[in-house]
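Enquirer: Pasted the sequence and its predicted model underneath.
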Amino acid sequence: MKYEFPAGFWWGSAASGPQTEGTVAGDGKGDSIWDHWYKQNPELFFNQVGPEDTSYVYNRYKEDIALMKKTGHTTYRTSIQWSRLIPDGIGAVNPEAVAFYNSYIDELLANNIEPFMNLYHFDMPLSLQQKGGWESKEVVDAYADYARICFELFGDRVKKWFTHNEPIVPVEGGYLYQFHYPSVVDMKKAVQVAYHETLASAKAIKIYHEMNFDGQIGIILNLTPSYPRNENDPEDVKAAHLADAFFNRSFLDPAIKGTFPEDLVSLLKELDYLPEYTPSELELIKHNTIDILGINYYQPRRIMKKESKERLSDKPMPDDYFDNYIWPERKMNPYRGWEIYEKGIYDCLINVRDNYGNRPCFISENGMGVEGEERYINADGRIDDDYRIEFVQNHLKYVHQALQEGCNVKGYHMWTCMDNWSWTNAYKNRYGFIAVNLAEEGKRTIKKSGYWFKEVSDNNGFDA
C-alpha cells in the first residue's frame, strides 16, 4: 500500500539547545539548572557525562545542517537557550549568542530547511532558579521579556515559534518525581509551577501577536493517552479521566480553550492546592491561545482505579487517585522502559480533532531510544537501525489514517536528528537519524534510518 501525504507536509526532526549545543570557551553562556546540578551531583548523570559535552552543535551546525539536508529535512525544531542569550536570565543580552543563533537560522534557511524555534526546554537560568524558578511570578515576567527579545532578534526569519516544550515535565520532574532539578516532592508547588508556565505561555503569545509578525506561535505538549483497564468499569474510567486531567488536559485545555479542566480545578480546590492567581491573569490566558499545537507522542498511560496502598508521599500526589497497570498485550522498548503503542498517535490526533476544534497541529516528537547501537554497525561502518525504520513507519501509518479522517496535522518530526545528550540519561540511549561518536570527537555518521527518511521526504510518503 502507498501512504501519500499532503503537499507541503513538514518532514524533519526535533532537538533542543541544551541537549545539543555544548559549552565553548568564550561563548558567554550563563549556567542553567542543568549546569548547576551536574556540578553538584555528577554521579546522577549516566557515565558522568554533563551538559558541557553535548553534541557540539555550537561549532558544528553548518556540518550538521548539511547532514539534515542529506536526511530529507524540510523543517527542523530546536530551542534557544535562555541562559545563552541572556546569561543572568534578565539584563544584558550576550552578543556571541545573537551571532550564533543568527548564523544558525540563516544556514537553515539557505538550505531550504524551515526553522521551528522553541523558547523553553527545561533549561531555567540558574540565577532565576535561585529566585524560585517557575514558582516565582518575577520569573514569569522575566520570561515574557526574554520572549520579546527573541521575537525582536529573530522573528523576521523564524515563522514558527513555541513557548514551551513539554511543560508538564518540569512539574513532574522537578516537583513530583525527582528526575529534574530542584528535585523536590511537593504537589502544591507543582500546581503553582504549572500555572505559572501556562501564564508565561499566554504572555509570550500576546506579545508575539501584538508585534504583528506573519508567523504562528504555539506550544509543544507531550500527550500520553490514558486508557482505562476496563472501559465498562466506571471507576477505572474515572481514574483514567483524572490521570488525563493531571498530565494532558492541565496544559492542553488552557492552550487551546483558554480555561482549565473543571474536574482538576475542583480536586485542587478540595485539597486547598489552587495556585495563587488573579482574575486578570485568567482573562489573559483565556484570550491568548495558541495558533498551532505540537504533539510529542512516545507511549500511552494504562490506568486503573486506585487499589494499592502504596503512597509516594505523606502529602497528596496525583498517584493517590489512580494506579498504573500493565496491559497484557503490550510490546516494549526494553531500553527506555516504554510501551510501544502506535495507535496512540492516532488517538491523540483524533482527540484534537473532536475535542479541540481541530486546531492545526503536527507531530513534534516521536522516537525510539536504543542502548548499544554499535552492535548494529555493518561492514561499511553504518548503523543498520531497521527497528527505528519500523517504529517510525508504523507510527506514520496512523498519522496517515488520521489525515484521511480529517485531522488537521501538518507534519512529522522525529526525536531526533542526531544522537544527543538526554538529561541525566546523557548518551545512554541513542535516538538519532545520525550517529554521534563521542570517542572520535563527535564524528557524525548517517544511519540507515536517515537514508530511509530522505526517501520518505523526497517521495512525500512511502510504500508498505
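Expert: Okay, I see it.

Enquirer: Are we agreed that residue 249 is in a strand?
Expert: No: judged by DSSP: H, G, I helix; E, B strand; the rest coil, residue 249 forms no part of a strand; its state is helix.

Enquirer: Just list the residues touching the residue nearest to it when sequence neighbours are not counted, thanks.
Expert: Spatial nearest neighbour of residue 249, excluding adjacent residues (Cβ to Cβ, 6 or more residues apart in numbering): residue 261 at 4.4 Å. Backbone N, C-alpha and C define where each C-beta goes, glycine included. Counting by Cβ atoms under 8 Å, 6 or more residues apart in numbering, residue 261 touches 245, 249-250, 253.

Enquirer: Out of those residues, which is nearest to residue 60?
Expert: residue 250 (37.7 Å; Cβ to Cβ).

Enquirer: which outside residues touch stretch 443-463?
Expert: Applying Cβ under 8 Å, 6+ apart, the contact partners of stretch 443-463 are 1-7, 9, 11, 60, 63-64, 67, 70-74, 373, 381-386, 388-389, 392-393, 396, 400, 414, 418, 432-437.

Enquirer: Can you measure across that stretch, start residue to end residue?
Expert: Terminal residues of stretch 443-463 lie 32 Å apart, using Cα to Cα, to the nearest Å.

Enquirer: Next: stretch 162-180.
Expert: Termini of stretch 162-180 sit 21 Å apart (Cα to Cα).

Enquirer: same deal with stretch 175-182?
Expert: Start-to-end, stretch 175-182 (Cα to Cα) is 7 Å.

Enquirer: Use 676 as the first number for this chain going forward.
Expert: Sure, I'll start numbering at 676, so the last one becomes stretch 850-857.

Enquirer: Give me the distance from it to the chain's centre.
Expert: 17 Å (Cα atoms, centre = their mean, to the nearest Å).

Enquirer: in stretch 726-742, what counts as buried?
Expert: Buried residues in stretch 726-742, counted by 16 or more other Cβ atoms under 10 Å: 726, 728-733, 735-736, 739-740, 742.

Enquirer: Of the residues you listed, which belong to helices?
Expert: Of the positions in those, 732-733, 735-736, 739-740, 742 sit in helices, assigned by DSSP state H.

Enquirer: Greatest separation within these: which pair is it?
Expert: So, these by Cβ to Cβ: farthest apart are 733 and 742, at 15.9 Å.

Enquirer: center of this structure, which residue is that?
Expert: The centre of the chain sits closest to residue 840, judged by Cα atoms, centre = their mean, with a distance of 3.9 Å.

Enquirer: Helix, strand or coil: sort out residue 839 for me.
Expert: Residue 839 ends up strand, using three-state DSSP.

Enquirer: Number of residues surrounding residue 782?
Expert: Residue 782: 17 surrounding residues under other Cβ atoms under 10 Å.

Enquirer: Residue 1119 bridge partners, please.
Expert: residue 1111 (DSSP bridges).

Enquirer: How much space separates it from residue 1082?
Expert: Per Cβ to Cβ, to the nearest Å, residue 1119 is found 35 Å from residue 1082.

Enquirer: Then residue 997?
Expert: Computed as Cβ to Cβ, the residue 997 to residue 1082 distance reads 28 Å.

Enquirer: Give me the more crowded residue out of these two.
Expert: residue 997 (26 against 20).

Enquirer: about what we covered before: any idea which of the buried residues of stretch 726-742 is closest to residue 948?
Expert: Nearest to residue 948, judged by Cβ to Cβ, of those is residue 726 at 32.5 Å.

Enquirer: Disregarding flanking residues, what is the spatial nearest neighbour of the closest one?
Expert: Spatial nearest neighbour of residue 726, chain neighbours left out: residue 709 (4.7 Å); criterion: Cβ to Cβ, 6+ apart.

Enquirer: Show the contacting residues for that neighbour.
Expert: Neighbours of residue 709 in contact, by Cβ under 8 Å, 6+ apart: 693, 725-726, 797-798, 856, 1098.

Enquirer: What backbone torsions are found at it?
Expert: When read as degrees, to the nearest 10, the backbone of residue 709 gives phi -70, psi -40.

Enquirer: Now, of the contacts of stretch 1118-1138, which are buried?
Expert: Of those, these count as buried by 16+ other Cβ under 10 Å: 678, 680, 684, 686, 735, 739, 742, 746-749, 1048, 1057-1060, 1063-1064, 1067-1068, 1071, 1075, 1089, 1093, 1107-1111.

Enquirer: gap between residue 913 and residue 905?
Expert: Distance, residue 913 to residue 905, by Cβ to Cβ: 12 Å.

Enquirer: Compare the two (neighbour count), which wins?
Expert: Between residue 913 and residue 905, residue 913 has the larger neighbour count (other Cβ under 10 Å), namely 16 against 13.

Enquirer: isn't the more buried one right up against residue 979?
Expert: No: between residue 913 and residue 979 there is no contact under Cβ atoms under 8 Å: 10.7 Å.

Enquirer: how many neighbours does the nearest residue to residue 746 once chain neighbours are set aside have?
Expert: Distance criterion Cβ to Cβ, 6+ apart; nearest residue to residue 746, sequence neighbours excluded, is residue 1125 at 4.0 Å. Summarising burial for residue 1125: neighbours were counted as other Cβ under 10 Å, giving 28.

Enquirer: Quickly note the distance from residue 1125 to residue 881.
Expert: 39 Å.

Enquirer: For residue 969, see how far away the closest residue to residue 920 other than its chain neighbours is.
Expert: Once flanking residues are discounted, residue 920 sits nearest to residue 939: 4.2 Å by Cβ to Cβ, 6+ apart. Counting by Cβ to Cβ, the gap from residue 939 to residue 969 is 22 Å.
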